[in-house]
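Structure for the following, please:
(one chain, ligands or ions: 1)
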Amino acid sequence: MSLPEAPRLAGQVAVVTGAASGLGLAMAQRLATEGVRVALWDRDTEGATRAASRLGDAACAITVDVTDTVSVRTGWAATKAVLGTPAILINSAGILGRSAAFADYPEDEWQRVLDINLNGTFRCCQAAVPDMVAAGYGRIVNIASIAGKDGNPYVAGYVASKAAVIGLTKSMGKELAQRGVLVNAIAPSASETAIFGPLTDAYRQRLLANVPMARMVQPEEVAELALWLASPACSFSTGATFDISGGRATY
Ligand SMILES: NC(=O)c1ccc[n+]([C@@H]2O[C@H](COP(=O)([O-])OP(=O)(O)OC[C@H]3O[C@@H](n4cnc5c(N)ncnc54)[C@H](O)[C@@H]3O)[C@@H](O)[C@H]2O)c1
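Numbers count the residues shown, from 1 in each chain. This next block holds a predicted model:
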């Protein structure tokens, strides 16, 4: 049996959320080097605009707050108008939230973290799926975390949100498996981005304690994996979570 002819990656349109910074920025840059036209979504307008201007004419910045359904829907329509209909969605917008012992973990912080990391991913996927199904082709990459598989203490909201993103990915992957729309997640271990704020040496050591390779993952390494998952070369994986954890992941 021959495989259906894969569309070329160059010239496709991608949305990357949280693209003003960190992993999202690296993934947007990597896609752009392959000729993908990238819409950099972020609530940080200045950061996204600065990043998009470095990627040339085939990129644009769009202010989107993933906690707001209207903002997400407007961003999707604006992306279609400016660059064309996206075939790629990478959900990278996320926060760590406050660290606190579980018994003291504030409920409003729990809600805030879930609303960005989980509900934001849900909202962006819901905006994207109808167009991807209509086109019979799409690639969605959700940035989860190794914390969603292993758990980390003192960040219950973050860990729960990332485990839920893995579950959402599994459900969507199975549901869309015969529609040409593949949905996968990436579970990175720690990367030294703005998400942690300033890192003390002690905190850095704690983050590295479970990583056999004993270093942080570089945003460019995550971007390389995301590029494959966003491309037609990824043709028989869906609903899966791909670890990039320097050996930390054990399942
Ligand atoms: N850095 C790590 O160690 C690490 C490890 C595993 C997973 N992740 C995940 O990777 C993703 C990116 O994190 P990062 O390390 O690049 O952090 P980062 O802080 O550098 O980037 C996150 C981006 O998301 C944006 N953002 C936050 N809330 C938003 C909202 N409501 N609407 C739109 N944009 C919003 C921020 O403005 C920022 O530009 C997150 O989902 C994070 O959980 C990070």
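
Can you give me the neighbour number for the closest residue to Leu207 other than its chain neighbours?
Counting by Cβ to Cβ, 6 or more residues apart in numbering, Ala190 is the residue found nearest to Leu207 once chain neighbours are left out, at 4.1 Å. For the C-beta atoms, the positions are set from N, CA and C on the backbone; glycine is no exception. Burial of Ala190 is recorded as 25 neighbouring residues (other Cβ atoms under 10 Å).

Confirm Ala190 sits in a strand?
No: Ala190: not assigned to a strand; according to DSSP: H, G, I helix; E, B strand; the rest coil it is coil.

Could you measure from it over to Thr33?
Between Ala190 and Thr33 the distance, using Cβ to Cβ, to the nearest Å, works out to 25 Å.

Likewise for Ala233?
Here Ala233 is placed at a distance of 15 Å from Thr33 (Cβ to Cβ).

Just the buried positions in the lowest-mean-pLDDT helix or strand in the chain, please.
The helix or strand of the chain with the poorest confidence is helix 201-208; it has a mean of 90 (mean pLDDT, DSSP states H and E). Residues Leu207, Leu208 are the ones in helix 201-208 that count as buried (16 or more other Cβ atoms under 10 Å).

For it, which outside residues touch it?
Contact partners of helix 201-208, identified using Cβ atoms under 8 Å, 6 or more residues apart in numbering, comprise Ser189, Ala190, Glu192, Phe196, Leu199, Ala214, Arg215, Met216.

Provide a list of residues in contact with the second one.
Taking Cβ under 8 Å, 6+ apart as the criterion, Ala190 is in contact with Phe196, Leu207, Leu208, Val211, Met216, Val217.

Spatially nearest residue to the fourth one, not counting backbone neighbours?
Counting by Cβ to Cβ, 6+ apart, Gly246 is the residue found nearest to Val211 once chain neighbours are left out, at 4.4 Å.

right, and the secondary structure at that neighbour would be what?
coil.

ditto for the one 3 residues further on
With three-state DSSP as the basis, the three-state label of Ala249 is coil.

let's number from 18 now, not from 1
Taking 18 as the first residue, the last one we looked at is Ala266.

Please name the nearest non-neighbouring residue to it.
Of all residues apart from its sequence neighbours, Asp260 sits closest to Ala266 (Cβ to Cβ, 6+ apart), at 3.7 Å.
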